[in-house]
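> Here is the input, now give the coordinates:
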Amino acid sequence: MKKSPFTGGDALLQQEVRTIEFRKEAFQIQYQYYVCRDTGKSFTDKELEQANTNQVYNKYREKYGIPFPDEIKAIREQYGLAASKMADILGLGINVYRNYESGEVPSVSNGRLIQMVKDPHEFFKLVDVSKNEFTPEELEKINRKVLQAMNDWNDHQDLYEEIMLGQKRPGITNGYKVPNLDIISHMVLYFSEQCTPFKTKLNKLLFYADFLHFRKTGFSISGLTYQAIQRGPVPRNYDWVLDMAMQRKLVHIQFHDYGEYVGEQYLKSDSAAFDPSIFSENELNTLQSIAQVFRTSTVKEMVAKSHEEEAWRSNFESMNEISYEYAFLLKHPG
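A predicted model of the protein is given here:
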């Protein structure tokens, strides 16, 4: 429970729809704030202000096709370039470019330029235009990396992963996060180690971790898209998603025969090691919180809790994808 800065007593988390202006445009967000129980006064803290701001930035980026910080960094890393070299090729100042990777929202033109050069064929053209800015040795090294990226470029793999995971560009159906199989698999490993869950419970743990983190920060952890089915929210193509963790030898399944059905319990593989370095501190805190709250909950209890969520209630009849906007209506973990 949040403590009030006015009295030291309890404060309640509240939210309301507000219109916030950014770059002379108005965006509606679920504005979050605290209310002191004793005085009725409202306040925010740094974390909540950042979450509110992130909502505005996310809607602006989505509207204009501007890449998100994770995307900007990933585009640079696919060419194996330092930030300074990437800035030179794009024609941006190094400080400007570094700020983009750190979260500053690019202009529409700069954002679309960065998005365009994700395609190595387009990036190769841009390198050629800026070739006079580099020594022959530097240019040769850059061209080698771009040509390697061209060889690795696989439109079919991208399309396959999008079919299985859902939208790969950040949007409201994946929590404004590019789906990341390493992160997804290590989330499965974490919950398998901490909670030894059956499949149905594991799907709910992933859902609650992603949606709670979105409510707290404006971003999911995994980038997974969720759907509402009979037994509650699940990741899109959840069997394939969970199989990825098994293929990486992070988890294994223990089968339990209950006569009418066989239960699948997910357990940590003996040789597996959870990698906390691929998560932010806030993401790790969310994973720990979800594991702690739901560790002893049974499958039946998890299903019942998920059926109380508006995210499920509003979508299960049509098995719709669940917008992360429903994160602001979560009843659990409280």
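> contacting residues for Arg236?
The neighbourhood of Arg236, defined by Cβ atoms under 8 Å, 6 or more residues apart in numbering, consists of Met164, Leu165, Gly166, Leu224, Thr225, Tyr226, Gln227, Glu321. C-betas here are computed from N, CA, C, even on glycine.
> want to throw those residues into a markdown table with pLDDT, secondary structure and distance to Gly91?
Output for these, formatted as a markdown table (pLDDT from 0 to 100; DSSP: H, G, I helix; E, B strand; the rest coil; distance: Cβ to Cβ, whole Å):
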| residue | pLDDT | secondary structure | distance to Gly91 |
| --- | --- | --- | --- |
| Met164 | 76 | helix | 37 |
| Leu165 | 80 | helix | 33 |
| Gly166 | 76 | coil | 34 |
| Leu224 | 96 | coil | 36 |
| Thr225 | 96 | coil | 35 |
| Tyr226 | 96 | strand | 40 |
| Gln227 | 95 | strand | 42 |
| Glu321 | 93 | strand | 38 |
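> I'd like to know which of the residues you listed are buried.
Met164, Leu165, Gly166, Leu224, Thr225, Tyr226, Gln227, Glu321 (16 or more other Cβ atoms under 10 Å).
> What segments of the chain are helices?
Assigned by DSSP state H, the chain shows helices spanning 46-64, 69-77, 83-90, 94-102, 108-116, 120-129, 136-152, 155-165, 181-195, 199-217, 238-247, 281-294, 299-307, 310-313.
> Tell me which residues are up against the fourth one.
I take that to be helix 94-102. Residues contacting helix 94-102 (Cβ under 8 Å, 6+ apart): 69, 72-73, 76, 83-84, 86-87, 90, 92, 106, 110, 114.
> most neighbours, which of those residues?
Greatest neighbour count in the contacts of helix 94-102, by other Cβ atoms under 10 Å, goes to Met86: 25 neighbours.
> Am I right that it is in contact with Tyr79?
Yes: checked against Cβ atoms under 8 Å, the pair Met86 and Tyr79 is within contact range at 7.5 Å.
> could you dump the contacts of helix 94-102 to JSON lines with distance to Gln32 and pLDDT?
Converted to JSON lines, the contacts of helix 94-102 look like this (distance: Cβ to Cβ, whole Å; pLDDT from 0 to 100):
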{"residue": "Pro69", "distance to Gln32": "21", "pLDDT": "94"}
{"residue": "Ile72", "distance to Gln32": "27", "pLDDT": "95"}
{"residue": "Lys73", "distance to Gln32": "27", "pLDDT": "94"}
{"residue": "Arg76", "distance to Gln32": "33", "pLDDT": "93"}
{"residue": "Ala83", "distance to Gln32": "33", "pLDDT": "94"}
{"residue": "Ser84", "distance to Gln32": "38", "pLDDT": "92"}
{"residue": "Met86", "distance to Gln32": "35", "pLDDT": "94"}
{"residue": "Ala87", "distance to Gln32": "35", "pLDDT": "95"}
{"residue": "Leu90", "distance to Gln32": "35", "pLDDT": "94"}
{"residue": "Leu92", "distance to Gln32": "34", "pLDDT": "93"}
{"residue": "Pro106", "distance to Gln32": "26", "pLDDT": "97"}
{"residue": "Asn110", "distance to Gln32": "30", "pLDDT": "96"}
{"residue": "Ile114", "distance to Gln32": "30", "pLDDT": "95"}
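> wait, which of these is closest to Glu21?
The shortest approach to Glu21 among those belongs to Pro106, at 18.6 Å (Cβ to Cβ).
> starting at the chain centroid, how far to stretch 245-257?
The chain centre lies 24 Å from the centre of stretch 245-257; the measure is Cα atoms, centre = their mean, to the nearest Å.
> Can you find the helix or strand of this structure with the lowest average pLDDT?
helix 155-165 (a mean of 67; mean pLDDT, DSSP states H and E).
> one step back: comparing the helices of the chain, which stretch has the densest surroundings?
Compared across the helices of the chain, helix 199-217 shows the largest average neighbour count, a mean of 24 (mean count of other Cβ atoms under 10 Å).
> so what does it touch, helix or strand wise?
Packing partners of helix 199-217 (3 or more Cβ pairs under 8 Å, 6 or more residues apart in numbering; DSSP states H and E): helix 46-64, helix 181-195, strand 226-229, strand 232-235, helix 238-247, strand 262-268, helix 281-294, helix 299-307.
> Swap in 7 Å and give it another go.
Under the contact definition 3 or more Cβ pairs under 7 Å, 6 or more residues apart in numbering; DSSP states H and E, helix 199-217 sits against helix 46-64, helix 181-195, strand 232-235, strand 262-268, helix 281-294, helix 299-307.
> can I get these in JSON lines with distance to Phe316 and mean pLDDT?
Shown next, in JSON lines, are these (distance: least, Cβ to Cβ, whole Å; pLDDT from 0 to 100):
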{"stretch": "helix 46-64", "distance to Phe316": "26", "mean pLDDT": "96"}
{"stretch": "helix 181-195", "distance to Phe316": "23", "mean pLDDT": "97"}
{"stretch": "strand 232-235", "distance to Phe316": "8", "mean pLDDT": "96"}
{"stretch": "strand 262-268", "distance to Phe316": "22", "mean pLDDT": "93"}
{"stretch": "helix 281-294", "distance to Phe316": "20", "mean pLDDT": "97"}
{"stretch": "helix 299-307", "distance to Phe316": "8", "mean pLDDT": "96"}
